[in-house]
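Engineer: kindly return the folded structure for what I paste below:
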Amino acid sequence: MPVPAADPVSRNALVILATIAAGAVLYMLSDILTPLALAMFLAVMIDGFARVLQARLPGVGARAAVPLAVVLSVVIFGGAAFFIADNATSFASQLITYTPKLNGLIARIAGLVGMDVPPTLTQLIQQVDPASHLGQVARGLQSFASTAAFVLVYLGFILASRRGWERKAVSLFATRDERQEAVGAFLRIRNGVEQYLWVQTVTGLMIAVASWIAMAAVGLDNALFWAILIFMASYIPVVGGIVAVALPPIFALVQFDGLWQAIVLFAVLQVIGMFVGNVIQPRMQGRSLNMDPIVLLLALAFWSVIWGLPGAFLSTPLTTVMMVILAQFAGTRWIAVLLSADGDPGQLKQHLADDPSAGGPSRGAPKTSSKTAAKPVAKRGSRS
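Structural biologist: Below is the predicted model:
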């Protein structure tokens, strides 16, 4: 007796309830899942870096590419972290010398809002009472250290067991068609994340270098420190652009007596961000992500609430993974359609399949139409 199919309303209600339950689980298990997600993200980045090294450097084979990519990644990230920590100390000491100018800036702002007796910087610090928050800061640093340690442990195991996933995929799927479909979905996720990383890295470098030139031209202190922070903030959608445009002009108000340096710096940084974000980035990214901008903004808010700062960094890659997985099943494909920019989440797969650099077939290879790819594969033993 055939089992009756569930009606669309019940099926969609189950999908919505499952999504809410999954969000609750992600929030409750954030301490466990956040290091794992960061480790998988780094593993994808290192794997792509290794393939680039293998293709670009002569004499680097497949076995040497991954260790070389790991060493270079550790050197780059470690050097950047050391530079930021070293400059943050000198930056904090410089703020003490800016105390009179900060008091003047506070008085100016208080005059604009109609306050007769403006508070001083010392009074504001006393009201905040930083000593009472030292415990929270210490716990935050301890949590960061433990998270970093777990990320490195997870990353080591992921890189060490990457060969075994191929045998697991063969044992997991019974037919060759199912294995090819699963591999295609995995390649789509990997290539989408790698393309996002590549675009954000290149455009972030462009914004950081152009911002450093502008900040050095007006004589802003710690211009290189601000440029590195702007580059790191470029991986956070929307918020990164606000940080890049707002913070350097604010500190220009503190450093300089006049206003023209801050105004010029704000205008130049605004032009740089708009040009790179509206002209260069769409041309580089093309239709690789095929994700609605409103969805990216909502994803940033959602993952920031669920996982905090790591969720903000991983919001776009995680949403890309969700869209790819949801597009594979008929019951959840409508969610993937809503997440996509043009209503066709399958276009990302076709775009990456046509691109040889993304791991797809060459241009001379035969292509499969989207209608054929969407047709379900009949199981063995079923009647035609």
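Engineer: and the next element down the chain from whatever helix or strand V305 lives in?
Structural biologist: Using DSSP states H and E, V305 falls within helix 293-326. Using DSSP H and E, the helix or strand that follows helix 293-326 in sequence is helix 333-339.
Engineer: report the buried residues of that following helix.
Structural biologist: I335, A336, V337, L339 (16 or more other C-beta atoms under 10 Å). Any C-beta I mention is one placed from the backbone N, CA and C, and that applies to glycine too.
Engineer: helices and strands around it, which ones?
Structural biologist: Counting contacts by 3 or more C-beta pairs under 8 Å, 6 or more residues apart in numbering; DSSP states H and E, helix 333-339 packs against helix 8-28, helix 293-326.
Engineer: reformat these as a markdown table; add mean pLDDT and distance to S161.
Structural biologist: A markdown table is the format used below for those (pLDDT from 0 to 100; distance: least, C-beta to C-beta, whole Å):
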| stretch | mean pLDDT | distance to S161 |
| --- | --- | --- |
| helix 8-28 | 80 | 24 |
| helix 293-326 | 84 | 19 |
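Engineer: and the angle for the helix holding V305 with helix 8-28?
Structural biologist: 100 degrees (axes from the mean of the first three to the mean of the last three C-alpha atoms, to 10 degrees).
Engineer: looking at the buried residues of helix 333-339, which is nearest G164?
Structural biologist: G164 has its nearest neighbour among the buried residues of helix 333-339 in A336, at 29.4 Å by C-beta to C-beta.
Engineer: give me every residue that touches that closest one.
Structural biologist: By C-beta atoms under 8 Å, 6 or more residues apart in numbering, the residues touching A336 are M323, V324, L326, A327, P345.
Engineer: state which helix of the chain is the longest.
Structural biologist: helix 176-218 (DSSP state H).
Engineer: after that helix, next one along is what?
Structural biologist: Note on helix 176-218: by DSSP H and E, the next helix or strand toward the C-terminus is helix 223-233.
Engineer: where does pLDDT dip in the stretch 251-384 of the chain?
Structural biologist: 285-289, 344-384 (pLDDT under 70).
Engineer: that older thread, of the contacts of A336, just the buried ones, ChimeraX syntax please.
Structural biologist: One line in ChimeraX is enough to select the buried ones among these; burial here means 16+ other C-beta under 10 Å:
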select :323,324,326,327,345
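Engineer: next, format the contacts of A336 as JSON lines and append distance to A37.
Structural biologist: Output for those, formatted as JSON lines (distance: C-beta to C-beta, whole Å):
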{"residue": "M323", "distance to A37": "16"}
{"residue": "V324", "distance to A37": "16"}
{"residue": "L326", "distance to A37": "18"}
{"residue": "A327", "distance to A37": "20"}
{"residue": "P345", "distance to A37": "22"}
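Engineer: one step back: distance to F150 added to the helices and strands packed on helix 333-339, as TSV?
Structural biologist: Below are the helices and strands packed on helix 333-339 laid out as TSV (distance: least, C-beta to C-beta, whole Å):
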stretch	distance to F150
helix 8-28	17
helix 293-326	12
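Engineer: what pLDDT does W212 get?
Structural biologist: If you check W212, the pLDDT there is 91.
Engineer: that one and I96: what is the separation?
Structural biologist: Between W212 and I96 the computed distance is 25 Å (C-beta to C-beta, to the nearest Å).
Engineer: so these two - more neighbours on which side?
Structural biologist: For W212 and I96, the more surrounded residue by other C-beta atoms under 10 Å is W212, and the numbers stand at 19 against 9.
Engineer: what about the nearest residue to the more buried one once chain neighbours are set aside, neighbour count?
Structural biologist: With C-beta to C-beta, 6 or more residues apart in numbering as the criterion, W212 has its nearest non-adjacent residue at 3.8 Å, and that residue is A227. Using other C-beta under 10 Å, A227 has 23 neighbouring residues.
Engineer: L339 is in contact with D292, correct?
Structural biologist: Yes - D292 is within contact range of L339, at 6.6 Å (criterion: C-beta atoms under 8 Å).
Engineer: for M291, what are phi and psi?
Structural biologist: Note on M291: backbone dihedrals following degrees, to the nearest 10 are phi -120, psi 140.
Engineer: ok, it - contacts?
Structural biologist: Counted by C-beta under 8 Å, 6+ apart, M291 has contacts T316, T319, T320, M323, L339, S340, A341.
Engineer: columns distance to M284 on top of those residues, output as TSV?
Structural biologist: Output for the contacts of M291, formatted as TSV (distance: C-beta to C-beta, whole Å):
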residue	distance to M284
T316	15
T319	19
T320	16
M323	20
L339	21
S340	19
A341	16
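Engineer: looking at those residues, spot the one nearest M40.
Structural biologist: Lowest distance from M40 to those (C-beta to C-beta) belongs to T320, with 12.8 Å.
Engineer: what number of residues lie near the closest residue to that closest one other than its chain neighbours?
Structural biologist: Distance criterion C-beta to C-beta, 6+ apart; nearest residue to T320, sequence neighbours excluded, is G192 at 4.7 Å. Residues lying near G192 (other C-beta under 10 Å) number 26.
Engineer: hang on, G192 packs against V324?
Structural biologist: Yes - at 6.9 Å, G192 counts as touching V324 under the criterion of C-beta under 8 Å.
Engineer: hmm, who's touching stretch 240-257?
Structural biologist: 98, 101-102, 105, 207, 211, 215, 218-221, 226, 229-230, 233-234, 236, 259, 261-263, 265-266, 269-270, 273, 277.
Engineer: if we use 6 Å, what do you get?
Structural biologist: 98, 101-102, 105, 215, 220-221, 226, 230, 233-234, 261-262, 265-266, 269-270, 273 (C-beta atoms under 6 Å, 6 or more residues apart in numbering).
Engineer: over to stretch 211-220?
Structural biologist: Contacts to stretch 211-220, defined as C-beta under 6 Å, 6+ apart, come from residues A223, W226, A227, I230, P248, A252, Q261, L265, V268, L269.
Engineer: return the closest of the residues you listed with respect to L296.
Structural biologist: So of the contacts of stretch 211-220, ranked by how close each gets to L296 (C-beta to C-beta), first place is I230, at 19.4 Å.
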